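> Predicted model, plus sequence, below.
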Amino acid sequence: MSVDTGTFLVLTGGIGGAKLCLGMQRVLPAGSVRIVVNTGDDFEHLGLRISPDIDTTIYTLSGLANTELGWGRRDETWTFMQALSSIGGETWFQLGDGDLALHVERTRRLAGGESLTRITADIARRLGVTAAVFPMSDSPVSTIVTTTEGDMGFQDYFVRRRCAPVVTGLSFRGAEAARVPEGICKSLRAIVIAPSNPYLSVDPILAVPGMRSLLREANVPIIAVTPLIGGAAVKGPTVKIMRELGIEPSPLSIVQHYHDLIDGFVLDARDAVLQARTDLPVQVCDTLMVSLEDRERVARCVLEFAHQLRAGG
């Protein structure tokens, strides 16, 4: 199979997006993947700056991810949380001992005046990641989930409340002051929107002022990979949120959501019948990523599609 070489930019957040990023890192030469990660999930907890999506991405790309839990580090220990519980501390957001070290170091360096971009790049390098990992902005942006029970921060909704409240809207506090990372669109071959939750993981990135126009001005194919398979999400509250917002849980709704941005869409083979119902170029493949080989296979599918779009096919 012939695919383009060069640099590819991926917009991502969450586990599904990290899986595709790993596949692309593995099938492309070192340094060929740039990744912009959602930081709308970031928050301060126990006095520490927590960046869940950045950490999930770095742990996945470095081979340190806890694949059983779907978050945190593998071979983790929990002495800190046990000690915290014994003295009445908050334990609703679990921090393993190894994971805690990253949060402590990030918080220390931020307090010393370093940017989140610099810290993220350094940690990724030290852990053996060959892709370039960027936060979507150095300034804080907070995803606010509006529910029938009131507004709440993302982690309150997602972890403390386990996505139970009914969602009526989403907003991104602080986005107006955010700035696009420098150099992310330089010398690209294609841009990929990972199979991440469009509303919780990708929209915060696109809310950064100038992000959409910068992506379009890169003048390369922009491809979105479906986060839905057979009308369901592999993991997470995507379908629940779509239904609560009055959106049909269909890949066609995802196409419509990105309609002013993307040039092509990767559709899962189980939904191939929907291909005829969109006027965008569509690539059909099995997008379920269970094994490492699956991640590489989907990455190659996306890269082949990018090659076809660049060639005018």
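Ah, there it is.
> Buried residues of the biggest helix by length in the chain, list them for me.
When the chain is parsed with DSSP state H, its longest helix is helix 292-310. Judged by neighbour count using 16 or more other C-beta atoms under 10 Å, the buried positions of helix 292-310 are 295-309. Glycine gets a C-beta too; all of them are placed from N, C-alpha and C.
> cool, and stretch 43-58?
Taking 16+ other C-beta under 10 Å as the basis for neighbour counts, the residues of stretch 43-58 that come out buried are 43, 48-58.
> ok, those vs Ile35, which is closest?
Checking those against Ile35 by C-beta to C-beta gives Thr57 as the nearest, at 6.3 Å.
> From Gln256, how far off is Thr168?
In this view, Thr168 and Gln256 are 20 Å apart by C-beta to C-beta, to the nearest Å.
> Going along the chain, name the strands of the chain.
7-12, 33-37, 43-45, 48-50, 132-135, 142-147, 150-153, 167-173, 188-193, 222-225, 228-229, 232-233, 264-268, 282-285 (DSSP state E).
> so where is the stretch 201-313 of the chain shaky, pLDDT-wise?
Within the stretch 201-313 of the chain, the set of residues satisfying pLDDT under 70 comprises 313.
> Contact partners for the residue nearest to Thr226 when sequence neighbours are not counted?
For Thr226, ignoring the flanking residues on the chain, the nearest one in space by C-beta to C-beta, 6 or more residues apart in numbering is Pro251 at 4.7 Å. Taking C-beta atoms under 8 Å, 6 or more residues apart in numbering as the definition of contact, the neighbours of Pro251 are 226, 228, 265, 267-268, 271, 274.
> Could you list everything the residue nearest to Ile229 when sequence neighbours are not counted pairs with in the sheet?
When the adjacent residues along the chain are set aside, Ile229 lies closest to Asp268, with 4.6 Å between them (C-beta to C-beta, 6+ apart). When assigned by DSSP bridges, Asp268 has beta-bridge partners Cys285.
> on that earlier part again, for the residue nearest to Thr226, give its distance to Leu102.
The gap separating Pro251 from Leu102 is 35 Å, by C-beta to C-beta.
> One more: Ile35?
Ile35 sits 17 Å away from Leu102, taking C-beta to C-beta as the criterion.
> ok, back up a step: for Thr143, state which of the buried residues of stretch 43-58 is nearest.
Comparing the buried residues of stretch 43-58 against Thr143 with C-beta to C-beta picks out Phe43 as the nearest, at 9.5 Å.
> Now that closest one: closest residue in space, sequence neighbours ignored.
Leaving out its chain neighbours, the residue that sits closest to Phe43 by C-beta to C-beta, 6+ apart is Gln155, at 5.2 Å.
> Do I have it right that the one you found meets Asp41?
Yes. Taking contact to mean C-beta atoms under 8 Å, the distance of 6.7 Å between Gln155 and Asp41 places them in contact.
> Just the CA atoms of the longest helix of the chain, as CSV, please.
Taking C-alpha atoms only, helix 292-310 is exported to CSV below (Å, rounded to 0.1, in the frame of the first residue of the first chain):
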residue,chain,number,x,y,z
LEU,A,292,-1.9,-3.1,18.6
GLU,A,293,-2.2,-4.5,15.0
ASP,A,294,-5.7,-2.9,14.8
ARG,A,295,-4.2,0.5,15.7
GLU,A,296,-1.6,0.2,12.9
ARG,A,297,-4.3,-1.1,10.5
VAL,A,298,-6.6,1.9,11.1
ALA,A,299,-3.6,4.3,10.9
ARG,A,300,-2.7,2.9,7.5
CYS,A,301,-6.3,3.2,6.3
VAL,A,302,-6.3,6.9,7.3
LEU,A,303,-2.9,7.5,5.6
GLU,A,304,-4.0,5.8,2.4
PHE,A,305,-7.1,7.9,2.4
ALA,A,306,-5.0,11.1,2.8
HIS,A,307,-2.9,9.9,-0.1
GLN,A,308,-6.0,9.5,-2.3
LEU,A,309,-7.4,12.9,-1.4
ARG,A,310,-4.0,14.6,-2.1
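> by contact count, what packs against it?
The elements that helix 292-310 packs onto, with contact taken as 3 or more C-beta pairs under 8 Å, 6 or more residues apart in numbering; DSSP states H and E, are helix 14-27, strand 188-193, strand 222-225, strand 264-268, strand 282-285.
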